[in-house]
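Visitor: I'd like to go over a predicted model; first the sequence, then the structure.
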Amino acid sequence: MDTPAGPPPSNLFYQSRARRPVLDRAEGVYLWDRDGKRYLDGSSGAMVSNIGHSNPRVLAAMREQMDKATFGYRLHFENEPAEKLASLVASLMPKGLDRVFFVSGGSEAVESALKLARQWAVASGQASRWKVISRYPSYHGSTLGALAVTGMALMTAPFSPMLREMPRIPAPTCYLDRDELTPDERGLRYAEMLRTEILRQGPETVLGFIMEPVGGASTGALVAPDPYYARIREICDEFGILLIYDEVMSGAGRTGRFLAAEHWGIRPDIVVVSKGFAAGYSPLGALIADRRLVEPVLDAGGFIHGYTYAGNPLACAAGLAVVEETLERDLMGNATRIGALLKTELRGLMARYPFVGDVRGKGLLLAFELVSDRETMEPLPVAYDAYVRLVEQAYERGLIIYSRRTRGGRAGDHFLVCPPLIADRDHVAEIMEKLTASLDALAGELGL
Ligand code: PLP
């Protein structure tokens with residue numbers, strides 16, 4: 001890729017100074033740059049473009065709304081798309097989890113969840129509760145409040161003096177453990193770490209526990225053994241602690257259900273969604289809370305929190321059309337079917353490349369991890385920069401994948417392969433062909 005001298009004009013991206021090609025147009029699962037090169041969007045951007053690009057129904061809904069009104073301040077007006085979207089979302093949730101608060105992105109949604117939780121504690125006479133336990137590694141957003149619960153040294157380190165850091169427990173990275181336990185026993189062992197931490201902190205000080213039910217960028221689509229989920233819920237209930245599910249990445253159908261929580265029948269107290277919720281057509285996110293939490297806050301004078309653009313009619317019109325499209329075209333069913341096929345194909349890479357150490361995920365939230373030794377799961381040497389090099393190899397071949405090296409945690413170089421939920425078998429074949437060629441090139445480059 002060309003790397004002209006000087007910083008990119010509009011992109012202070014932390015991973016590299018490389019100038020990216022200029023986007024020209026996008027349709028379905030493909031994007032084209034200004035030179036006419038085509039890219040298969042194998043990561044839906046940052047796991048955003050769930051229904052693919054340039055969807056006619058969404059564009060029409062947005063145009064229609066634009067002709068009516070693009071903005072009406074939420075303290076002055078309700079608006080129809082927001083009302084319809086809130087009702088639709090509530091109808092997809094377990095009973096009682098039906099209070100919806102719109103925001104413009106994932107970090108805002110997490111901030112809102114933390115602040116609602118705290119205001120609920122104050123309003124319900126539990127002001128001693130303020131700590132929100134999270135996991136390491138984890139990613140919950142870039143704003144300071146979200147960073148306070150994020151477990152990713154790369155993202156938090158420079159800001160630590162500015163943060164009131166919260167307690168963390170290890171994420172259930174069972175695939176890295178070498179012990180005599182069964183996977184279920186391992187899952188339960190990780191869940192018990194929450195109980196131990198709550199007791200260590202003093203239960204009366206603990207407000208909540210926040211987790212990504214299927215991990216995203218921080219862990220590379222980490223899924224815990226099944227018993228983990230119910231045990232975490234039980235532990236939260238034992239101490240009256242709020243369970244907050246961060247489904248910014250896993251929600252809105254990406255794992256084959258509207259919420260990943262549904263796979264385990266878990267009812268969180270608060271859940272946040274964004275990314276695929278408006279699928280890149282507009283900045284949009286939502287906090288969905290149990291009415292039991294919201295009522296005391298309203299009784300005490302209302303949620304002391306808000307964003308100017310929250311719930312604006314244009315964003316909500318986009319979100320409404322995206323969710324309707326997802327449901328009516330059974331894109332969650334497609335995510336399950338195509339996700340199973342893609343996962344099998346990715347698993348096939350393990351037979352071909354000894355340095356592919358693990359393949360994991362659910363639906364179309366899938367990842368693979370590179371290692372130097374599959375037995376010990378020793379990561380590749382940091383100096384190899386595999387998480388950058390493989391992405392570049394794929395990019396050259398017209399395939400976009402998403403990578404991270406979670407430094408400071410135990411996870412190594414992992415790569416998310418998460419095409420839009422409209423992907424079909426031919427797209428899977430194209431992804432695998434380009435990925436295999438890229439892995440061959442990486443193996444040659446690094447002598448693997
Ligand atoms: N939470 C999770 C699980 C995420 O994956 C992300 C973004 O990657 C965020 C929160 C932050 O969302 P945003 O970048 O829209 O602020």
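Guide: Received the coordinates, thanks.
Visitor: okay, now residue 383: neighbour count?
Guide: 7 (other Cβ atoms under 10 Å). No exception for glycine: its C-beta is placed from N, CA and C like everyone else's.
Visitor: distance of it relative to residue 100?
Guide: 47 Å (Cβ to Cβ, to the nearest Å).
Visitor: over to residue 406?
Guide: Per Cβ to Cβ, residue 406 is found 32 Å from residue 100.
Visitor: so these two - more neighbours on which side?
Guide: Taking other Cβ under 10 Å, residue 406 and residue 100 do not tie; residue 406 has more neighbours (28 against 21).
Visitor: I'd say that one and residue 154 touch.
Guide: Yes - shown here, residue 406 and residue 154 form a contact pair, counting by Cβ atoms under 8 Å, at 7.5 Å.
Visitor: helix or strand with the lowest mean pLDDT in this structure?
Guide: Sorting the helices and strands of the chain by mean pLDDT, DSSP states H and E puts helix 153-156 at the bottom, at a mean of 85.
Visitor: what sits against residue 155?
Guide: By Cβ atoms under 8 Å, 6 or more residues apart in numbering, the contact list for residue 155 reads 139, 142, 147.
Visitor: these: which ones sit near the ligand?
Guide: Filtering those for proximity to the ligand (criterion: Cβ under 6 Å from any ligand atom) leaves 139, 142.
Visitor: mind listing what the host helix or strand of residue 207 pairs with, with the direction of each?
Guide: If you go by DSSP states H and E, residue 207 is part of strand 206-211. When pairing is defined by DSSP bridges, strand 206-211 lines up against strand 131-136 (parallel), strand 242-247 (parallel).
Visitor: using TSV, lay out the ones you listed together with mean pLDDT.
Guide: Output for the strands paired with strand 206-211, formatted as TSV (pLDDT from 0 to 100):
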stretch	mean pLDDT
strand 131-136	97
strand 242-247	98
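Visitor: span of stretch 160-179 from start to end?
Guide: Stretch 160-179 has an end-to-end distance of 34 Å (criterion: Cα to Cα, to the nearest Å).
Visitor: drop anything exposed from the contacts of residue 155.
Guide: The neighbour-count criterion (16 or more other Cβ atoms under 10 Å) marks 139, 147 among the contacts of residue 155 as buried.
Visitor: point out where this protein drops to low pLDDT.
Guide: 1-18, 407-411 (pLDDT under 70).
Visitor: can you get me a residue count around the residue in the chain that the ligand sits nearest to?
Guide: When scored by Cβ to the nearest ligand atom, the chain has residue 106 as its residue closest to the ligand, at 2.1 Å. Other residues within reach of residue 106, judged by other Cβ under 10 Å, total 29.
Visitor: isn't it up against residue 248?
Guide: Yes - at 3.6 Å, residue 106 and residue 248 qualify as touching, with contact defined as Cβ under 8 Å.
Visitor: residues that sit against both of these two, list them.
Guide: 141, 272, 274, 275, 285.
Visitor: contacting residues around the residue nearest to the fourth one when sequence neighbours are not counted?
Guide: Using Cβ to Cβ, 6 or more residues apart in numbering and skipping the chain neighbours, the partner closest in space to residue 275 is residue 48 (4.7 Å). Contacts were defined as Cβ under 8 Å, 6+ apart; by that measure residue 48 touches 275, 276, 279, 280.
Visitor: need the phi and psi values for the last one.
Guide: Backbone geometry at residue 280, expressed as degrees, to the nearest 10, gives phi 90, psi 0.
Visitor: that one: neighbouring residues, count only.
Guide: Around residue 280 there are 25 other residues, counting by other Cβ under 10 Å.
Visitor: right, and it touches residue 47 too?
Guide: No - using Cβ under 8 Å, residue 280 is not in contact with residue 47; the gap is 10.2 Å.
Visitor: ok so, going back, anything in the strand holding residue 207 near the ligand?
Guide: No - against the ligand, strand 206-211 shows no contacts by Cβ under 6 Å from any ligand atom, the least distance being 9.3 Å.
Visitor: gap between that strand and the chain center?
Guide: Centroid separation between strand 206-211 and its chain, computed with Cα atoms, centre = their mean, to the nearest Å, is 18 Å.
Visitor: what lies in contact with that strand?
Guide: If you take Cβ under 8 Å, 6+ apart as the criterion, strand 206-211 is touched by 110, 113-114, 117-118, 121, 129-135, 138, 140, 149, 171, 194, 198, 232, 236, 239, 241-246, 269-270.
Visitor: could you identify the buried members of the residues you listed?
Guide: Applying 16+ other Cβ under 10 Å to the contacts of strand 206-211 flags 110, 113-114, 117-118, 121, 129-135, 138, 140, 149, 171, 194, 198, 232, 236, 241-246, 269-270 as buried.
Visitor: looking at the contacts of residue 155, which are in helices?
Guide: Applying DSSP state H to those, the entries found in helices are residue 147.
Visitor: turn the contacts of residue 155 into a markdown table, columns for distance to residue 298.
Guide: What follows is the contacts of residue 155, written out as a markdown table (distance: Cβ to Cβ, whole Å):
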| residue | distance to residue 298 |
| --- | --- |
| 139 | 31 |
| 142 | 29 |
| 147 | 29 |
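Visitor: returning to that earlier point: also near the ligand: which of the shared contacts of residue 106 and residue 248, exactly?
Guide: Among the shared contacts of residue 106 and residue 248, the ligand is touched by 141, 274 when using Cβ under 6 Å from any ligand atom.
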